[in-house]
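> I need the structure of the sequence given here:
(one chain, ligands or ions: 1)
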Amino acid sequence: MPGPSGADATSTEAQLTEHGINPASLPSAPAQPTRRQFRDRVTAVRLAPCALCGEAGAATRVIPTAAGPCWLDLCWPHVRTLTRPSTTVPDTLEGVLADLHRAIEESETATGVRLPVLLWTDNAGDREA
Ligand SMILES: [Zn+2]
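Got it, this is the predicted structure:
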């Protein structure tokens, strides 16, 4: 069954185990946590420890486990370790700029307003069509 983040418990637990985290050791979480509950968890005076290294956690999310939803608190280095790169986000500067150009063109088409955009890659603000 998909969890709050769209992942199923089996694949999430397999990923955690691969990184040395025992899912049974994670603190239980509400099935539908509110934004306030997330904010309170990462802004507490004593942050919950990272599930991997025990350092102060910097981010949290709720994951499905066989025992129910649990908080997964991680420090920033381990957030990056457990975050898979998106397959839809460009990973080159050229790709990012191409996406930006497409977004500008879509906005201009939708609004009929030409946006004055000056990128560091050109001097006049002119764009290739
Ligand atoms: Zn850590």
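> contact partners for residue 77?
Contact analysis of residue 77 by CB atoms under 8 Å, 6 or more residues apart in numbering lists residue 53. C-beta coordinates here come from the backbone N, C-alpha and C atoms, glycine included.
> can you rerun that using 7 Å?
Listed by CB atoms under 7 Å, 6 or more residues apart in numbering, residue 77 has no contact partners.
> gap between it and residue 50?
According to CB to CB, to the nearest Å, residue 77 stands 9 Å off from residue 50.
> what is the neighbour count of residue 19?
12 (other CB atoms under 10 Å).
> isn't it up against residue 82?
Yes. Between residue 19 and residue 82 there is a contact under CB atoms under 7 Å: 6.3 Å.
> you'd agree residue 72 is up against residue 59?
No. With contact defined as CB under 7 Å, residue 72 does not reach residue 59; the gap is 8.9 Å.
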